[in-house]
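>>> with the input below, show me the fold.
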Amino acid sequence: KTIENKMLVFTTRSFLLKSALEESENLRRSNLSVGTSTFELKEYSEELKKQLLINHIEDSNINADLKEIVYQKEIQEFIVNHSNFTPRSIEFITANENVGHFDKDEYKKFIRENFDYPDEIWKHAYTQQITEDDRLLLNTLISFGEVSHINELEEAFNCRIQYEMVNNNKQSQMFAFQMALNRLDGGFIIIKNQEEVHFINPSLIDFLFKYLKQDKIEVLKISISVKYVSQLTERLFSLGSMSNNKMPLDLEKRLLSDYQSFISVENSNFDLIQLALVIYKYIDNDEKEEVICEIIDSITDFEALHEDYSLNLHFKEFMFEVKENENINSVLQERIEEIVSELFSGKSDIHEAVDLLEELIKSFDVDFDKLDTTNIINHLDDLFSEHIENEVQWLLDWMTYEDEAQEKLDEIEKLVERINDLGLEYEADTDEF
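Numbering: from 1, shown residues only. So this is what the prediction gives:
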């Protein structure tokens, strides 16, 4: 206030300022970035939310009847305690061009709907306030799920840009990724530890997922231009329920002829396992059998099967589905002892673990001399220890008749008997009983 030739600008729209700097030579020459400070609010306090809301109401040119609605305690508490609270959502519901035509009841309904279902807010920002490259980056990020490593996101984004250049005559722009990342940072995304790119709000993820689902052409473009396996499995081609997305022929050809290009260095075995499952599930082609065999043969270890519960389930299903396929089953049989051990180690419930071990040993040719029984015994010890501790605690809290403890002990002994019937020699420690 005391310096006439200086101006202090507060904004929650960092992407608008960044876009203006890119487009205006005069602004760039003013070297605004030197005087820019970022105050990052990881979480707004309730008091700060209320003040932000009041400030927007006071500055708004909506009529007095509508302002009266927002001043109501019930509405203020609804807004400030809502999980979708953002400065953008407050600005949207207090902008006269958005709400000036409403009566009081309609306005109250509008407020609730825009916080419970904030798609309109994000739709306006996504379609009107950012560039094409920004949208392509967001569409690439959502193909990874909710977060991506910045280096992988850049490579995947560049693949999408390359696709657009080849197929839609898009003009190449220098530093396209970094410029889009800078514009979106703080408004649509946040970058954590300088390496992880996250969406700024879960409501943006929900909006993009629903919005893109309606645009089959865009989903097709995202599919064709994917770079990593995780892009395939997170959104496009689920390993669980069958996806409605049909795999494009161009993507099929890339997967069958050059599957190695989809594998990340840091998670190669995890990616190879997932890729084998994706190809088996979504490609109907005579070549896929040979490629699946080659992929399985190239996996150096199957640790991912006990580290990821979902992958554990899907790979077990895959094993039983291909059991009658002589070639694929033959490749699996060569590694069956390692696979059984890792699948078993991925179970955290003793009943599920014993059921799985029983099912696998009875269905596949498992050589006990090659089986890592030490690993299996150690995992059984852990599972039984936890199970027995829980059962003893339950008895202490809820036992209603004297023989109930013996019944629990009998159940454990039956589990141990099932394990020994498979050819293992195991004895559970039941001293706590």
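>>> contacting residues around the most centrally placed residue in the chain?
Centroid-nearest residue in the chain, with CA atoms, centre = their mean: residue 145, separated by 3.4 Å. For residue 145, the contacting residues are 230, 234-235, by CB atoms under 8 Å, 6 or more residues apart in numbering. The C-beta positions use only the backbone N, C-alpha and C, and glycine is treated the same way.
>>> same question, residue 342
Counted by CB under 8 Å, 6+ apart, residue 342 has contacts 302-306.
>>> if you count neighbours, what's buried in the helix or strand encompassing residue 413?
Secondary structure assigned from DSSP states H and E places residue 413 in helix 404-421. Going by neighbour count (16 or more other CB atoms under 10 Å), the buried part of helix 404-421 is 408-409, 412, 415-416, 419.
>>> possible to save those as TSV with pLDDT and distance to residue 181?
What follows is the buried residues of helix 404-421, written out as TSV (pLDDT from 0 to 100; distance: CB to CB, whole Å):
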residue	pLDDT	distance to residue 181
408	93	57
409	93	60
412	94	56
415	95	53
416	94	56
419	94	53
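>>> out of those residues, which is nearest to residue 44?
residue 408 (50.1 Å; CB to CB).
>>> chain neighbours aside, what residue packs nearest to that closest one?
residue 391 (5.0 Å; CB to CB, 6 or more residues apart in numbering).
>>> count of residues packed around the one you found?
A count of nearby residues for residue 391, using other CB atoms under 10 Å, gives 18.
>>> ok, residue 401 next?
Neighbourhood size, residue 401 [other CB under 10 Å]: 7.
>>> got the contact list for the spatially closest residue to residue 60 that is not a sequence neighbour?
If the residues on either side of it in the chain are set aside, residue 60 comes closest to residue 94, at 4.2 Å by CB to CB, 6+ apart. Residues counted as contacts of residue 94 (CB under 8 Å, 6+ apart) are 56-57, 59-60, 62, 70.
>>> do the same with residue 272
Residue 272 makes contacts with 263, 295-296, 298-299, as judged by CB under 8 Å, 6+ apart.
>>> next step: these restricted to helices.
When DSSP state H defines the helices, the subset of these inside them is 295-296, 298.
>>> highest neighbour count among those residues?
residue 295 (23 neighbours).
>>> residue contacts, that residue?
Per CB under 8 Å, 6+ apart, neighbours of residue 295: 259, 272, 275-276, 279.
>>> of those residues, which belong to helices?
Reading helices off those with DSSP H, I get 272, 275-276, 279.
>>> now those residues in CSV, with distance to residue 349 and pLDDT?
CSV is the format used below for these (distance: CB to CB, whole Å; pLDDT from 0 to 100):
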residue, distance to residue 349, pLDDT
272, 28, 97
275, 29, 97
276, 26, 97
279, 31, 97
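>>> what two of these are the furthest from one another?
Of all pairs in these, the most separated under CB to CB is 272 and 279 at 10.7 Å.
>>> now the longest helix along the chain: mean pLDDT?
In the chain, with assignment by DSSP H, the single longest helix is helix 373-398. Taken as a whole, helix 373-398 carries a mean pLDDT of 93.
>>> what's the angle from that helix to helix 404-421?
Angle of helix 373-398 versus helix 404-421, following axes from the mean of the first three to the mean of the last three CA atoms, to 10 degrees, is 170 degrees.
>>> now do helix 373-398: which elements does it pack against?
Applying 3 or more CB pairs under 8 Å, 6 or more residues apart in numbering; DSSP states H and E, we find helix 373-398 packed against helix 336-345, helix 350-363, helix 404-421.
>>> the second one to helix 373-398, inter-axis angle?
It stands for helix 350-363. When the same axes, to 10 degrees is applied, the directions of helix 350-363 and helix 373-398 differ by 150 degrees.
>>> next, the buried residues of helix 350-363.
Buried-residue list, helix 350-363, by 16+ other CB under 10 Å: 350, 353-354, 356-357, 360-361.
>>> from the contacts of residue 145, which land in helices?
Per DSSP H, the contacts of residue 145 map to helices at residue 230.
>>> return the member of the contacts of residue 145 nearest to residue 365.
For the contacts of residue 145, the nearest to residue 365 is residue 230 (33.3 Å; CB to CB).
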